[in-house]
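In: Need a 3D model of the sequence below.
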Amino acid sequence: MNSLNKKLAIAFLFIFMLGSFGLYIIDKAARSRIDNISILGQVPSFSLTNFDGSIITEEQLSDKISIVSFIFTQCEGACPIMSENMSTLQQRFALSDEIQFLSITTDPDFDSLEILSKYSSSYSNDDNWFFLRGDILDIIELSEKGFFLDAKLLPTGHSLNFVLVDKNLNIRKYYKGDEESNIFELQHDIVTLLEQG
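Out: Here you go, the predicted model:
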């Protein structure tokens, strides 16, 4: 091997090592993102009715990673996009029994159990996604004081955020539920929480 080839080989090896180290640093930083954020609050006590008639309380969130959203079935704007993104997440984590999804209607006067059941069948293919309803005043309180989300002028004035809740009922992070880039970030943070146990 002549001197030029040797120098080129060393240069390529250096570039490869530098690139690998850079990827390692980026991956390490990304994986530590969820570690570096504060716990934003804890899910309070609540009791809502699932589309199948079962009662869901905050105890249902214990020992599982939960993604929570507020929607309503007559919504023609962000809600279908949010539900489609939630469906994508459900499919991506289909093999995990440590993850669940909760969509809470902000229009319980219209969204009966029957309507929520039909809506559920349009997006969900598993029983780990709950479509919940309750008294509107309870929903407003849960949204504003429980998850720290806007709940003005319901049903249309609901938050577009997905809420990531860890296995200890701690609110960890918010993501725009109608933006694909945020869904990728949420997916990554779910994996991080799964790895943390």
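
In: How is the protein partitioned into domains?
Out: In the domain annotation for the chain, the residue ranges read 1-31, 41-196 (automatic domain parsing).

In: so can I have JSON lines of the ones you listed showing mean pLDDT and mean neighbour count?
Out: From N, CA and C alone the C-beta is placed, and that goes for glycine too. Output for the domains of the chain, formatted as JSON lines (pLDDT from 0 to 100; neighbours: other C-beta atoms under 10 Å):
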{"stretch": "domain 1-31", "mean pLDDT": "54", "mean neighbour count": "10"}
{"stretch": "domain 41-196", "mean pLDDT": "94", "mean neighbour count": "18"}
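
In: just the helices in the chain please.
Out: Per DSSP state H, the chain carries helices over the ranges 3-31, 78-92, 113-123, 136-141, 180-196.

In: gap between the fourth one and the chain center?
Out: For helix 136-141, the distance from its own C-alpha centre to the chain's C-alpha centre is 21 Å (C-alpha atoms, centre = their mean, to the nearest Å).

In: what's in contact with that helix?
Out: The set of residues external to helix 136-141 that reach it, using C-beta atoms under 8 Å, 6 or more residues apart in numbering, is 46, 48, 70, 104, 105, 106, 108, 109, 151, 154.

In: The fifth one reaches residue 113, doesn't it?
Out: No: the pair formed by residue 105 and residue 113 falls short of the contact definition of C-beta atoms under 8 Å, at 10.4 Å.

In: quick one: common contacting residues for the two?
Out: By the contact definition C-beta under 8 Å, 6+ apart, residue 105 and residue 113 are jointly contacted by residue 133.

In: check contacts around the closest residue to residue 135 other than its chain neighbours.
Out: If the residues on either side of it in the chain are set aside, residue 135 comes closest to residue 108, at 7.0 Å by C-beta to C-beta, 6 or more residues apart in numbering. Counting by C-beta under 8 Å, 6+ apart, residue 108 makes contact with 133, 134, 135, 136, 139.
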